[in-house]
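Trainee: Return a 3D structure for these sequence lines:
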Amino acid sequence: MSDEESAMQSYYAARASEYDRIYSKPERQTDLRAIERWLPPRFADKRVIEVASGTGYWTQFIAPIAAHVLALDSAIETITVAKTRVPKRRVSFLVGDAYSIPQHVGQFEAAFTGFWFSHVPKSKRRDFLWGLSARLEPGANVVLLDNRYVEGSSSSVTSRDADGNTFQTRKLGDGSTHTILKNFPTETELRELVGGLGERPIWTTWQYYWAFEYVATKP
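Mentor: Below is the predicted model of the structure:
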């Protein structure tokens with residue numbers, strides 16, 4: 001595990017109990033209600049793998065309409081929160097590595113990752129998507145959902161590395177501060193990244209968020 005990955009895991013473990021406060025920002029409520037309606041139909045009656053499921057905020061909207069959801073996250077602390085808000089019969093949880101999804105979980109008809117792709121280093125984006133594709137059936141629907149950078153609402157970018165990755169400094173309720181990798185990929189970057197892994201890409205934006213959909217092909 002890289003230093004960045006270790007820092008990210010520690011950060012989200014520490015943030016688990018207060019993570020959902022990000023969904024309380026007043027200016028984002030219109031977008032969130034729109035996405036909560038927009039997202040679930042994309043997974044109707046499908047076996048879904050959700051990567052970096054966190055506290056289950058989005059799982060709670062997907063699970064009622066999906067055939068089943070496997071929710072994978074690296075932090076037991078966030079999974080513990082997620083288990084309190086989703087129907088057990090529709091969701092299974094797995095503590096695991098987003099970059100190394102185990103083969104034994106099988107193949108899925110759809111995939112979702114919310115607010116994770118922005119934390120993937122640029123050098124590992126393709127690796128992540130390739131590993132995800134290995135767990136998908138050809139024709140599977142894939143949806144990535146994440147933040148747009150909006151001045152005055154988003155945390156400021158405080159540094160940048162030689163590879164062009166950007167970082168934010170965040171403070172938690174316990175007073176601790178954490179430097180977190182947070183990239184803001186463009187539509188063009190995403191279209192290039194899924195080349196050979198997917199087709200029929202669709203880019204959707206709201207004021208504060210973006211979504212990128214594609215149909216998985218055989219890697």
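
Trainee: can we go C-alpha only for contacts and neighbour counts from here?
Mentor: OK.

Trainee: where do the helices sit along the protein?
Mentor: For the chain, helices defined by DSSP state H occupy the ranges 3-15, 29-38, 59-62, 76-82, 125-133, 187-193.

Trainee: which one of those is the most hemmed in?
Mentor: helix 59-62 (a mean of 22; mean count of other Cα atoms under 10 Å).

Trainee: Give the other helices and strands that that helix contacts.
Mentor: Helix 59-62 sits against strand 68-73, with contacts defined as 3 or more Cα pairs under 8 Å, 6 or more residues apart in numbering; DSSP states H and E.

Trainee: Only alpha carbons, please: show the strand it packs on as PDB.
Mentor: Taking C-alpha atoms only, strand 68-73 is exported to PDB below (Å, rounded to 0.1, in the frame of the first residue of the first chain):
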ATOM      1  CA  HIS A  68     -28.100  -7.500  -5.100                       C
ATOM      2  CA  VAL A  69     -25.300  -5.200  -4.200                       C
ATOM      3  CA  LEU A  70     -21.800  -6.200  -3.100                       C
ATOM      4  CA  ALA A  71     -20.400  -3.200  -1.200                       C
ATOM      5  CA  LEU A  72     -16.600  -3.100  -1.000                       C
ATOM      6  CA  ASP A  73     -14.600  -0.700   1.200                       C
END
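
Trainee: Need the contact partners of that strand.
Mentor: Residues outside strand 68-73 that contact it (Cα atoms under 8 Å, 6 or more residues apart in numbering) are 45-54, 59, 62-63, 79, 90-98.

Trainee: Try it again at 7 Å.
Mentor: 46-54, 63, 79, 90-97 (Cα atoms under 7 Å, 6 or more residues apart in numbering).

Trainee: And for stretch 47-61?
Mentor: 16, 36, 40, 66-73, 78-79, 81-82, 85-86, 98, 108-113, 116.

Trainee: and with 6 Å instead?
Mentor: 67-73, 78-79, 81-82, 86, 108-113 (Cα atoms under 6 Å, 6 or more residues apart in numbering).

Trainee: Would you mind measuring the gap between the ends of that stretch?
Mentor: Distance across stretch 47-61, first residue to last, is 14 Å (Cα to Cα, to the nearest Å).

Trainee: Show the average pLDDT along that stretch.
Mentor: Averaging pLDDT along stretch 47-61 gives 96.

Trainee: next one: it to chain centre, how far?
Mentor: 8 Å (Cα atoms, centre = their mean, to the nearest Å).
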